[in-house]
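Trainee: I'll drop the sequence and a predicted model, then ask my questions.
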Amino acid sequence: MKLSRQLPLNALRVFEAVARLQNFTRAAEELGMTQTAVSYQIKLLEDHLGDTVFIRKPRALQLTETGTQLLPKVSEAFELLAEAMQAARHTIDATLDIHSPPTFASHWLSPRLAGFRALHPNIGVRLLRMMDASERQGTVPDITIRISAKQPENLVCHPIMRLRYSPMLSPELAASIGGIHEPADLLKLPWISEIDGAWLDWFESAKISAASIRPTSLDALGAQDIEARAAISGHGVAMLSPFFFRDDLSSGRLIQPFGLSAGDGKTYWLAYPAARRNMRKIQAFRQWIEETMATDLADHALQTLPPEARPATA
């Protein structure tokens with residue numbers, strides 16, 4: 001039999017508190033127990049030892065010889081347990097494991113993680129790019145960024161954003177057909193993105209048919225970063241989110257011919273296991289990403305307004 005199973009740990013915890021405070025009532029208050037429960041635990045300990053540990057006097061509490069011999073080692077043991085718990089918590093809090101879809105990781109999260117690290121220099125970050133949560137092989141990350149229409153099950157989830165998408169292409173590809181002047185001009189070019197589901201909403205809003213689209217041979221499985229790189233290289237038109245590819249649009253590597261956009265009905269979720277919800281590193285990351293994302297979405301919405309509609313700055 002293991003030694004830990006032979007020890008009345010609850011009774012020892014109560015004994016340490018009573019001996020330290022020299023009072024049953026104060027020990028009960030500290031431990032969140034009734035005084036009757038405290039007395040019961042002391043009796044269990046004395047039965048286990050076969051001797052008393054306290055001499056009860058009307059206005060005082062005195063350790064017996066057995067209690068005096070026991071107290072230093074019990075106190076030391078609980079101090080060691082507290083140190084072990086603190087060390088374990090420090091190890092757990094030391095590194096934050098994040099699994100994220102590739103485009104979110106490379107085009108939004110990674111460039112901004114320095115801000116999180118500046119606020120929390122004692123928390124390391126390990127970021128792993130994953131297309132799908134099913135790619136995990138037996139590991140449970142601290143944080144997962146999920147993309148889905150419905151809230152993921154069996155996790156604590158917080159919605160962080162929804163995106164809209166619009167056709168984008170390289171300026172050179174647009175120039176090859178004399179420019180893009182109306183949505184129908186896009187049908188003259190090959191398309192990288194597979195046009196089905198939510199993307200059809202864009203064509204319907206643009207009042208053109210997607211039936212005559214010429215697809216490319218590239219199958220990026222919906223990976224925005226891969227489709228964007230292909231579009232920049234002139235391989236075709238891609239349905240991309242202006243939110244992720246602001247730098248490519250501002251630099252001229254990509255153009256967005258029309259302000260018309262369509263959503264895909266999906267939400268980006270910040271998700272983590274319920275058992276870890278009180279971890280300081282997860283609480284810190286949630287607060288940071290929600291605040292940073294809210295600011296960034298607001299800035300992006302402002303930048304998409306025409307200049308005359310933007311609020312005046314001092």
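Mentor: Good, I have the coordinates.

Trainee: and Ala210, what helix or strand is that in?
Mentor: For Ala210, there is no host helix or strand (DSSP states H and E).

Trainee: pLDDT at it, what is it?
Mentor: At Ala210, the pLDDT value in this model is 78.

Trainee: Tell me where the model's unsure across the chain.
Mentor: In the predicted model of the chain, residues 1-5, 86-93, 132-138, 197-198, 217-222, 304-314 satisfy pLDDT under 70.

Trainee: Between its first and last residues, how far does stretch 40-60 reach?
Mentor: With C-alpha to C-alpha, to the nearest Å as the measure, the ends of stretch 40-60 fall 19 Å from one another.

Trainee: cool, stretch 253-260 as well?
Mentor: 20 Å.

Trainee: Please compute how far that stretch lies from its chain's middle.
Mentor: The chain centre lies 31 Å from the centre of stretch 253-260; the measure is C-alpha atoms, centre = their mean, to the nearest Å.

Trainee: contact partners of that stretch?
Mentor: Contacts to stretch 253-260, defined as C-beta atoms under 8 Å, 6 or more residues apart in numbering, come from residues 166-171, 174, 180, 183, 185-186, 202, 205-206, 228, 231-232, 240, 242, 245, 248-249, 304. Just so you know, the C-beta spots here come from the backbone N, C-alpha and C atoms, and that holds for glycine as well.

Trainee: how's the chain carved up into domains?
Mentor: By the assignment in the TED database, the chain contains the domains 9-88, 96-162+266-304, 163-264.

Trainee: Same list, these, but as CSV with mean neighbour count please.
Mentor: Formatted as CSV, these follow (neighbours: other C-beta atoms under 10 Å):
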stretch, mean neighbour count
domain 9-88, 15
domain 96-162+266-304, 15
domain 163-264, 17
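
Trainee: List the ones among the contacts of stretch 253-260 that fall in strands.
Mentor: The strands, defined by DSSP state E, take in 166-168, 240 from those.

Trainee: Return the member of these nearest to Glu30.
Mentor: Nearest to Glu30, judged by C-beta to C-beta, of these is Leu240 at 59.6 Å.

Trainee: Run through the residues that contact the closest one.
Mentor: So Leu240 contacts 165-168, 193, 224, 227-228, 231, 254 (C-beta under 8 Å, 6+ apart).

Trainee: export the residues you listed to TSV and tack on distance to His99?
Mentor: Below are these laid out as TSV (distance: C-beta to C-beta, whole Å):
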residue	distance to His99
Tyr165	23
Ser166	28
Pro167	30
Met168	27
Ser193	24
Gln224	17
Glu227	21
Ala228	21
Ala231	26
Leu254	28
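
Trainee: tell me the strands in the stretch 51-200 of the chain, going along the chain?
Mentor: For the stretch 51-200 of the chain, strands defined by DSSP state E, counting those that start in this stretch occupy the ranges 54-57, 60-63, 95-100, 124-129, 143-148, 156-161, 164-168, 190-191.

Trainee: Adding distance to Pro273, write these out as a markdown table.
Mentor: Output for the strands of the stretch 51-200 of the chain, formatted as a markdown table (distance: least, C-beta to C-beta, whole Å):
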| stretch | distance to Pro273 |
| --- | --- |
| strand 54-57 | 44 |
| strand 60-63 | 45 |
| strand 95-100 | 11 |
| strand 124-129 | 16 |
| strand 143-148 | 9 |
| strand 156-161 | 7 |
| strand 164-168 | 31 |
| strand 190-191 | 40 |
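
Trainee: quick one, which of the ones you listed is nearest to Tyr268?
Mentor: Across those, Tyr268 has its closest neighbour in strand 156-161 (4.9 Å, C-beta to C-beta).

Trainee: who does the closest one pair up with?
Mentor: Take DSSP bridges as the rule and strand 156-161 pairs in its sheet with strand 267-272 (antiparallel).

Trainee: ok now the partner strand, how far from the chain's centre?
Mentor: Distance of strand 267-272 from the chain centroid (C-alpha atoms, centre = their mean) equals 7 Å.

Trainee: Check what contacts it and list those residues.
Mentor: Here strand 267-272 makes contact (C-beta under 8 Å, 6+ apart) with 104, 142-149, 151-152, 155-163, 282, 286, 289-290.

Trainee: With only the CA atoms kept, save it in CSV.
Mentor: Only the C-alpha atoms of strand 267-272 are listed here, as CSV (Å, rounded to 0.1, in the frame of the first residue of the first chain):
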residue,chain,number,x,y,z
THR,A,267,-17.1,32.8,-37.1
TYR,A,268,-13.6,32.8,-35.8
TRP,A,269,-13.7,31.4,-32.3
LEU,A,270,-11.2,31.6,-29.4
ALA,A,271,-11.6,28.2,-27.8
TYR,A,272,-9.9,26.4,-24.9
